[in-house]
Structure formats: C-alpha cells, structure tokens
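# got a predicted model here, sequence first, then my questions.
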Amino acid sequence: MKLLFTILFFLTTITADVTKEFRVGIYDNPPKIFLDKNSKPSGFFVDVLNDIAKKESWSLNYVKCEWQECLLLLEDGKIDIMPDVAYSKEREKHFKFNKEIVLSNWSIIYGNKNSKISSILDLDKKNIAILKNSIQHEQMQEIFELFDVKPIFILTENYEESLMLTQSGKTDAAVVNRYYGELNEDRFSVKPTSVLVNPAALKFAFTRLYNNEEIITKIDLRLNDLKNNKESIYYSSMAKWLKEKERFHIPRWVYIFFAIALGALLLLGVAVAFFRYMLGLKTKEVIEESKKLQKHQEQKAKDYEKLVYAMVSMIEQRDSYTAGHSQRVAKYSLLIAKEMGCCKDSLELLFRAATLHDIGKIATPDSVLLKPDKLSRLEYDLIKEHVNVGVKILQDVPMFRDIAKIVRHHHEKYDGSGYPDGLVGDEIPKLSRIMMVADAFDAMTTNRIYKHKKSISDALKEIESLSKIHYHPEVVKSALKALSNVEISEDFNQTPVTAIEQQRFAYFYKDALTELYNIKFLETVLQNGAADQKYKKLLIISLHKFDTYNKKHGWETGNKALQEFANLLYGLFKENLLFRVRANDFLVLLQDEVTNSNGVLEKIEDFTKRAELEFDFNIYDLIDDDITSYEDLKKFL
C-alpha cells in the first residue's frame, strides 16, 4: 500500500465561553428536591448541586415547574440542568446525563386502606394513578404487557395528586417513588402494598441544545469526590433527608384498675365480676400485643424485601457492563414462559425469581465480579458461590422462600454438568430451566469488554446447538419462537463509566508507565471490530535511538521522556484511542481522515529534536489493509 503523508484532522469545535450561571429545574418531590415553606430550594439533590456549584464558582438559578413542564423546558433549552431524573435509554435520546449515579431508587404501589393488592396480577383492570412521562409509566407498561395485565393509567402532575386520587377512591392504586412515599404516606389514607417495581438510577439530566460536556464532566468528578469522602455534604445531606423515618411504636396498654370501694366487705358476686373484668383486660392486652407483634413482623418483612431489591441495584451499580441484566433476564424469561403456556401465577413467580437471580453476587469480590477479562478456574469457583449465597438471603424472608429453589438451580445443565447440584434433565425445576436459557441469551447478546456480543440469530443458533446438552429441548423450542424478534439495544460502549470501573480498567488494560492503553486492550478492540465502530485508520509512531538516550541520561530520565511523549500524544489525539504496544512504539486508532492543520508533525518533531531522538510514522486503513487482530497488525510493526 502506498502510504499517504497525511495526519489526523480533528474537527475541532470552537466553543464559546460557557456561562457560569445555570438554570436548574425544581419540582415537588420531597425529600429529594422541593421548595420549602419559605420557597427556598431544598432537598438532597439541591444540597449536592449547591455544594458542587460553590466549589466551581457557579451561580444557580432555580426555576419552579411541574415534572412534565420541567422536562419540556429542559428539552427546549429553557433550563440547563434537571436534578433527580431516572436514567433510561429512551430519555437519553432527549437529554444528556452525567455518568456517576447520584442515588438508586425504586417505586412502591400504594392502595387505599382497604386495598387487597398483593401482586402485579391484582392490578388487572384497576385504575392506577401514575406520574405523567415518568420512568415508572414507561417501564410498568412493559411489565404489565408481559403479564397480560391491562390496568387503566390515570396520569397525574405530581405524587401528591396520585395519592389523593387513591385516598378518595377515584383510583385503586398509585405508583410513587419510595422516598416520597415513606416520607408522606402518613398524610394520606393509603397503605403501601408488597409490590415493588422499577429499580432506577437517579442522575442529573442536561439539555442537548448546548455544548455542556465540560460541565457534565466537572459534576461527575465532584460527585465522585463527594461519594468517596464520608464527611462530605453527600453523606450529611443523605442522613438529613433520606434516613428512614422512625416509625411510631404503640406503647403497651396500661390498664387502670378501679379503686376498691371503701368498705370492709365485698359481696362474693362483686369479687367474681371484678376478677372476670381483670381477666378480660389481660386478654385484651394479649390481643393488642399480638397485633403489634404481627404488624412489626409484617413491617420487618417489607423492609427486608426493600433491602433485597436495593442489593440487586447495588450489584448492577458496581458494574455498568451488566446494568439492567436482571431486568432483561426477567423480560426474556417471561416471553419464553408465555410461549410455553405457563399460568399467570407461574409468570409472577418467575418474574420475581429472575429479578433476584444474581442477588448472591453481593458477596462476590470486586476483583472477580469487575474483572474485565475471562475468569480463571479459581475465580470461576468463587463466582459460582453466588448461587448458595443468594439462596441463603432469599430463604431468610417468607415471601422469597418460594423463589429460592428456582434461583438455586438456574445454572444447572440438561446433561448434569451444571452447578450447584449437578441435576439432570427433568430434575431441574421448570422455571429454572427457562431462566437459564434467558440468562444465557442475555450474556450472548450483551457486550463485554473481552467479548463482542452476538446477533439475535447467532445467539439463538448457539442455544439451539446446545439443546439436550446445556438446555432443555422444550425450553429451547419456545425460546426460538419467543426471542426471534425481541428488541435489544444496539449501544456499544467499552469506555469505563464509574470511578471503580476506571480503576479496574487501568489495572488490566493500561500501560503502567504512560497510562495509555496496552497491547491487551488493542487486541480486544480489534477483535470486537474496531472498523465496525467509529475507528477507521491506524497511526503507528515509533521512536528511535532510545537506547542511546537511556545510556546518556539514565533509565529514569528515559521513563520521564516516554511519559512526556505520551502526554503530548494524548493532547494531540484525545478524541481517539492511544496505545503503547512495545517499548518505543505508539499506536493511535483514528476516527477520520485528517490533515496537519493543528501542527501535529511539528510538535512531534520538536519533541524528538529536544530529546535527540528520531521518529517515523505510518497510517493504515483498518478495512483496506484487513487489520482485524493483533496478528494482522504485527506485519506492519
């Protein structure tokens, strides 16, 4: 190939100075965000954002609006920031989001005081008050569709309106986020049901109409600092606003005995009546104590259920590559089960089991759970323990005992090679068989850093090829029909998101000296189809006479020179992927054809002349030169 002496031209966006005054939407959702009785912005999100603004010398102008109005203002660019917005793929089409999760949340379904709602199935043909354009409305429609439940949604402007409609009997139930519900439920004649739905990651949302990436990055960095400092406003505000309210404990009844009438003698009949009365009081006291104990046990069970769902959210927040995994497995499981003709009770049981199937990973070490590479045998043995841990967690509360067995066996294989009990064929519980196929399908169709996802058709072909080996043939037959047209996100993102991901990424995939990516990550990117993503060209820069430089100046100075050169390349190519692949060879995966308009060559030449080094470079086309692996690349090095 005739190499062209061209160099990258970055479409440099010349951005005007961004004003340091930001318009922030504020709606009524205490205790997270609201206006207090003096119309002062208050709540957890306000405290955190105000602290960040103070450190960055920003001025915040809070704009009061209802939820739906706030979203419209943000989309139209009439406000800049909207706190307390649940992230979803659909919303990301309309707004930008910061990466760090501020809070995790879920929703509680409230009924009136006489409500007998205990499951999703009880909501069929019921009137449900739900916040207009909320994440609850968006996701619950999908859940109800999977269960063939057809409620009537009554859209509201705020949570207070939802609870008032339910209190008055105009709706049968209301969907309210847990923070608002637990703070305000005593104001209304309603009661929480045992139905918890819609785990969500709460973040800051930003308008898409302006160049605000720098602001978003600063908020993420500040938020990460706050979350890593136990003395920060993040934790003090959480303690102030979000601590679980103390529940009122009914004191033991104190019964007052009637004073014995003056007199020396009492008739025998009066004495008998008196002792009967005392016995009645004691009986009443025992009944009241029994009711209190029962109420305490019910509340304890509800709190434990909330804790379990919070643990699932925590697991997925530890690793954004598997975020949403439990919900997807639940979705695929229900589709397969419906194809197999399972009854509604089985569907609900399966949905709960699939949502909690990885709960045991709360005990899996980060070094194993977050490893961005294939697991060793020892690490695989460690991660297999999540099944036993999950069963122990679920068996501790009565409402989860019926799904513990399903969760225990969702890694069993048809031929008996699975774990933990090596069950064979029909010995594996039916719902566990379904969940195993759904779990495998999601793993195949989801990107991991070391493995490119399969297409739906390829994933189903692999599942079909393992029928009667790993998977039950009856389940495979239904899965091929149920999942053939399922909708899967096409997003591809191999970039670390949270701080902990950046740390684990650096450990496995970054060069320790220069902090550029290493050969291992280059192999992964090429294997996953770099040319199918946004990278088209490959620039190779090699430094020469480095041995002479090290002999003259010493290896420590040589290391500093390599670090300086890496920093120079990062400044020139920061929108692209940079690698140090061998001692003095540097690679850049480029997005576009470019020219030397920003003086790239001159800056590299200036560095090498000052260091008394030499360099050469070459540019290759990933498609034309058929570079799909590191082995293909070696011939050009």
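Looks like it came in fine.
# report the buried residues of the longest strand along the chain.
If you go by DSSP state E, the chain has its longest strand at strand 190-207. Neighbour-count burial for strand 190-207, with 16 or more other CB atoms under 10 Å as criterion, is recorded at 190, 192-193, 195-207. To be clear about C-beta, it is placed using only N, CA and C from the backbone, and glycine gets the same treatment.
# and of those residues, the nearest to residue 101?
Lowest distance from residue 101 to these (CB to CB) belongs to residue 201, with 4.6 Å.
# for the buried residues of strand 190-207, work out which two are farthest apart.
By the measure CB to CB, the buried residues of strand 190-207 have their two most distant members at 193 and 207, which lie 36.9 Å apart.
# quick one: residues contacting the residue nearest to residue 472 when sequence neighbours are not counted.
In space, and not counting its chain neighbours, residue 472 is closest to residue 433: 4.4 Å by CB to CB, 6 or more residues apart in numbering. Residues counted as contacts of residue 433 (CB atoms under 8 Å, 6 or more residues apart in numbering) are 414, 471, 472, 474, 475.
# so how far is the host helix or strand of residue 433 from its chain's centroid?
Using DSSP states H and E, residue 433 sits in helix 430-444. Centre-to-centre, helix 430-444 and its host chain are 21 Å apart (CA atoms, centre = their mean, to the nearest Å).
# relative to helix 430-444, how tilted is the helix or strand following it?
Counting by DSSP H and E, the element after helix 430-444 in chain order, helix or strand, is helix 456-465. Relative orientation of helix 456-465 versus helix 430-444 (axes from the mean of the first three to the mean of the last three CA atoms, to 10 degrees): 140 degrees.
# return the helix or strand following helix 456-465 as CSV; C-alpha atoms alone will do.
Toward the C-terminus, helix 456-465 is succeeded by helix 473-482 as the next helix or strand (DSSP H and E). C-alpha atoms of helix 473-482 as CSV (Å, rounded to 0.1, in the frame of the first residue of the first chain):
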residue,chain,number,x,y,z
PRO,A,473,-35.3,-29.0,24.4
GLU,A,474,-38.8,-27.9,25.3
VAL,A,475,-37.5,-24.5,26.6
VAL,A,476,-35.2,-24.2,23.5
LYS,A,477,-38.1,-24.8,21.2
SER,A,478,-40.1,-22.0,22.8
ALA,A,479,-37.1,-19.6,23.1
LEU,A,480,-36.5,-19.8,19.3
LYS,A,481,-40.0,-18.5,18.8
ALA,A,482,-40.3,-16.1,21.7
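# show me what helix 473-482 is packed up against.
Using 3 or more CB pairs under 8 Å, 6 or more residues apart in numbering; DSSP states H and E, the elements in contact with helix 473-482 are helix 325-339, helix 430-444, helix 456-465.
# that older thread, the longest strand of the chain pairs with which strands, and in what direction?
According to DSSP bridges, strand 190-207 has the following sheet partners: strand 81-86 (antiparallel), strand 95-97 (antiparallel), strand 103-112 (antiparallel).
# which residues touch the shortest one?
Same thing as strand 95-97. 74-75, 82, 85, 87, 91, 203-208, 212, 216.
# make a markdown table out of those residues and add distance to residue 160.
Below are the contacts of strand 95-97 laid out as a markdown table (distance: CB to CB, whole Å):
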| residue | distance to residue 160 |
| --- | --- |
| 74 | 22 |
| 75 | 24 |
| 82 | 19 |
| 85 | 19 |
| 87 | 24 |
| 91 | 23 |
| 203 | 24 |
| 204 | 24 |
| 205 | 22 |
| 206 | 27 |
| 207 | 27 |
| 208 | 30 |
| 212 | 32 |
| 216 | 31 |
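# so which of the residues you listed comes closest to residue 20?
Using CB to CB, the contacts of strand 95-97 come closest to residue 20 at residue 212, 12.1 Å.
# for the spatially closest residue to that closest one that is not a sequence neighbour, what are its contacts?
Nearest residue to residue 212 in three dimensions, chain neighbours excluded: residue 206, at 5.3 Å (CB to CB, 6+ apart). Going by CB under 8 Å, 6+ apart, residue 206 touches 74, 80, 81, 82, 95, 96, 97, 98, 212, 215, 216.
# in stretch 143-161, what's buried?
Neighbour-count burial for stretch 143-161, counted by 16+ other CB under 10 Å, picks out 143-144, 146-147, 149, 151, 153-154, 156, 158-161.
# what of stretch 567-577?
So for stretch 567-577, counting by 16+ other CB under 10 Å, buried means 569, 572, 573, 576, 577.
# got a list of contacts for it?
Residues contacting stretch 567-577 (CB under 8 Å, 6+ apart): 8, 10, 516-517, 525, 535, 539, 541, 578, 586, 588-591, 598, 600, 603-604, 607.
# hmm, back to that, any idea which helix or strand comes after the longest strand of the chain?
Scanning forward in sequence from strand 190-207 by DSSP H and E, the next helix or strand is helix 213-227.
# give the rounded mean pLDDT of that following helix.
In this model, helix 213-227 has a mean pLDDT of 91.
# what's in contact with the helix or strand following that helix?
Heading C-terminal from helix 213-227, the first helix or strand you meet, by DSSP H and E, is helix 233-241. Helix 233-241 is contacted by residues 31, 32, 43, 44, 47, 48, 51, 223, 226, 227, 229 when judged by CB under 8 Å, 6+ apart.
# domains in this protein, by residue range?
What automatic domain parsing lists as the domains of the chain is 310-482, 510-634.
# and the ones you listed, which is most packed in?
Highest mean neighbour count of those: domain 310-482, a mean of 19 (counted as mean count of other CB atoms under 10 Å).
# for that one, the distance to its chain's centre please.
Counting by CA atoms, centre = their mean, domain 310-482 is centred 18 Å from the centre of its parent chain.
# ranges for the helices of the stretch 501-637 of the chain?
In the stretch 501-637 of the chain, the segments counted as helices under DSSP state H, counting those that start in this stretch are 519-527, 546-553, 555-572, 600-610, 630-634.
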